[in-house]
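# need a 3D model of the sequence below.
(chains A and B)
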Protein chains: 2
Amino acid sequence: MAPPQEEKSKTTEEESVTIPITSAADNRRISTIAIIIAMQAEANPLVDRFQLKEDLDCVFAKGVPWVRYHGTYRDLNINIICPGKDAVLGVDSVGTVPASLVTYASIQALQPDLIINAGTAGGFQAKGANVGDIFLASHIAFHDRRIPIPVFDLYGVGFRQAISTPNLLKTLNVKIGKLSTGDSLDITPQDEASIIANDATIKDMEGAAVAYVADLLKVPAIFVKAVTDIVDGDKPTTEEFIENLAAVTAALGGAVTEVVDFISGKHLSEL
Amino acid sequence: MAPPQEEKSKTTEEESVTIPITSAADNRRISTIAIIIAMQAEANPLVDRFQLKEDLDCVFAKGVPWVRYHGTYRDLNINIICPGKDAVLGVDSVGTVPASLVTYASIQALQPDLIINAGTAGGFQAKGANVGDIFLASHIAFHDRRIPIPVFDLYGVGFRQAISTPNLLKTLNVKIGKLSTGDSLDITPQDEASIIANDATIKDMEGAAVAYVADLLKVPAIFVKAVTDIVDGDKPTTEEFIENLAAVTAALGGAVTEVVDFISGKHLSEL
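Below is the predicted model:
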C-alpha cells in the first residue's frame, strides 16, 4: 500500500515531504502537451493563437462538460483541456475536483509528455507579486485541507515540487514562487496562516489538484500563473479579479505561448 | 457548453439550484454496486462481511493506490473501492480530490447501477446527531468552496439531492439529514457559517465530491454516514474522532450490510 517513492528527493528532514513531480522517462523529446485551464476566458486567447479546433467527437466520457481543443503547432501535438461549463449553472467548473478529474482523464486519453496548468492567480505583494506578473510555480501545496492528525496533516498540505525548468526560467521574463491552492476565491485567517506556512507567493484554485494527479500518474507538470489580484492589498479580491481578468488573461496567453515556443523541439531535461 | 438538464427538478426558485442525482434508467434491477469508502479501517468490516477479495489485477490505471475489493453477495456484484494509501506518506487518501477520482474511475470501469458512499462523519448535536448515529443523507453540499461571484457562489456550494429512498428509510433504523463536505477535519467560523447555511446535520470530507461525479455521469448515489464526533460539543474533534473510530466503524459496517440486504433483489424505484 505504501511503495517506496523512487523519485523522492534526498533532502533535509524538513523537506522530506516535498514530492517532486517527475517522470521515469524525463529524457524523451516532448511531443504531446496537455494544457489544463479552468476558465474558458483563460483558454480562448491560446485556442486562437495555436489555431486549435474543438474536439467534437470527444475523447472523454459521455455526458461530461469537459472541452478539448487540439491541433499541431510547430512540432507539438497541443491539447487545451477545460473542465467546461456546469451543466445546470452554466459557469466554468473551477476548483480542485473538476481540475483533478480533467487532469486524470486527459492523461488517460492523451498520454501527454508534459502537463501545463495555466491560469490566473491571486498574488501576495508582501512576497513580491504585482498585478499582471507571470509566475512559474516552483512548489505547489493546498491551504484548505487541515487534518490535525500526525502525517495526515502533511498529506492534507500535499506539498509538491514542479519539475525543474532552469533554462525556461532564464529565457522567459517570469518570476518564480510557490503556489498555494484552495477551493475558495476569498481567504480566511486559517487559509492565510496555511498560505504563509506554505511560503506561497501566489494562490489559485486548481494547481495542487493538478499536481496531485500528475504525480499520481508520473507525468511531469509545470504551472504558469498570471496575477489578477493582490490578496494582501486594499482592493476586494472579487472586484479586482473581475476588473483585471481580461487584461491578465491576454498576458497569460502571451506567456504560455512563449513557454510552448521554448518547449518546441526540446527534451524534458533541456527545460 | 450548458446543455439543458432534463432531470432538473421543477421546484421553487429557492430550490432550483438543488440538483437531484438521478439516472435515465432508474427502473432497472440493481445488479452492480460500487461502495466508495475513504479509509481502509472503514472498509475492513464490510470486506469481511461480504467475503470480498482484493482485485490484484487492478481495473484502474497503473500506479494509482486505489484498491478494489469485489465479489458476489446474494444476487449483487459488490465492489468496495478505497482511494488507498498515499504512496509517500502511507495514510489513507482522504478528501474530495481522491474521492472524485475513484468515483469517476469506478463508474468508468464497473458501470455500477448504484453508488454507495459510506464513511464516518462529524455530527451536530444542535441538529439531533449523537455519536454512533447512522445517517442517510438527503442532500449534499460543500462548505469550503466560497466563490463570492453571482452564480459561481451556487456552483461552489454544489447543493445536490441524493436519490429518494423512502422504503429504505422506513425499514432501517437510521436518521436522515443533510450532509456538508469539506477537505478539513476541523472547522473554521466560515465553515460553520456555510454548514449552517447548508442546513447540515452531518459533516464529512468526501460526500459532495462523490455526489458531483455521480451526478456528472448520471449514476444514482446514496450516502451512509456514521457519526464519530460531535462538532458542536465539548470534546476536541480529533481526539473524539480517534477515540470512537473503531466502534463507529463497526456500526457503519452493520448499517451498510442492512442497506445492501435491503437493496438485494430490488429495482432502483423500489428503494
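# show me where chain A has strands.
For chain A, the strands defined by DSSP state E cover A:19-20, A:32-36, A:53-54, A:67-73, A:76-82, A:114-123, A:134-142, A:160-161, A:175-181, A:202-204, A:221-230.
# which residues touch the fifth one?
Spelled out, it's strand A:76-82. Residues from elsewhere that reach strand A:76-82, judged by CB atoms under 8 Å, 6 or more residues apart in numbering or on different chains: A:30-40, A:43, A:46-47, A:50, A:52, A:66-72, A:92, A:102, A:106, A:110, A:112, A:260, A:263-264. In short, each C-beta sits where N, CA and C put it, glycine included.
# dump the residue contacts of residue A:75.
When contacts are counted by CB under 8 Å, 6+ apart, residue A:75 touches A:31, A:264-265.
# ok so, going back, turn the strands of chain A into a markdown table, columns for mean pLDDT and mean neighbour count.
Below are these laid out as a markdown table (pLDDT from 0 to 100; neighbours: other CB atoms under 10 Å in any protein chain shown):
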| stretch | mean pLDDT | mean neighbour count |
| --- | --- | --- |
| strand A:19-20 | 62 | 20 |
| strand A:32-36 | 98 | 24 |
| strand A:53-54 | 96 | 11 |
| strand A:67-73 | 97 | 18 |
| strand A:76-82 | 98 | 23 |
| strand A:114-123 | 97 | 27 |
| strand A:134-142 | 98 | 25 |
| strand A:160-161 | 95 | 22 |
| strand A:175-181 | 97 | 24 |
| strand A:202-204 | 98 | 29 |
| strand A:221-230 | 96 | 26 |
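# so which of these comes closest to residue B:244?
Across the strands of chain A, residue B:244 has its closest neighbour in strand A:134-142 (26.4 Å, CB to CB).
# ok, which of the contacts of strand A:76-82 also contact chain B?
Restricting these to those touching chain B (CB under 8 Å from any CB of the partner chain) yields A:40, A:67.
# of the contacts of residue A:75, which is the most crowded?
With neighbours taken as other CB atoms under 10 Å in any protein chain shown, the top of the contacts of residue A:75 is residue A:264, carrying 14 neighbours.
# who's in contact with that residue?
A:73-76.
# try it again at 7 Å.
Contacts for residue A:264 were tallied using CB atoms under 7 Å, 6 or more residues apart in numbering or on different chains; they are A:74-76.
# need the nearest residue in space to the one residue sitting closest to the centre of chain A, chain neighbours excluded.
Geometric centre of chain A, nearest residue: residue A:117, 3.1 Å, by CA atoms, centre = their mean. Nearest-residue entry for residue A:117: residue A:210, 4.2 Å, with adjacent residues in sequence omitted and distances by CB to CB, 6 or more residues apart in numbering or on different chains.
# tell me how far that neighbour lies from chain B.
Using CB to the nearest CB, to the nearest Å, we find residue A:210 at a distance of 10 Å from chain B.
# how about residue A:88?
Counting by CB to the nearest CB, the gap from residue A:88 to chain B is 5 Å.
# am I right that residue A:201 is in contact with residue A:126?
No - here residue A:201 does not reach residue A:126: they are 8.9 Å apart, not a contact under CB atoms under 7 Å.
# who has more neighbours, these two?
residue A:201 (27 against 12).
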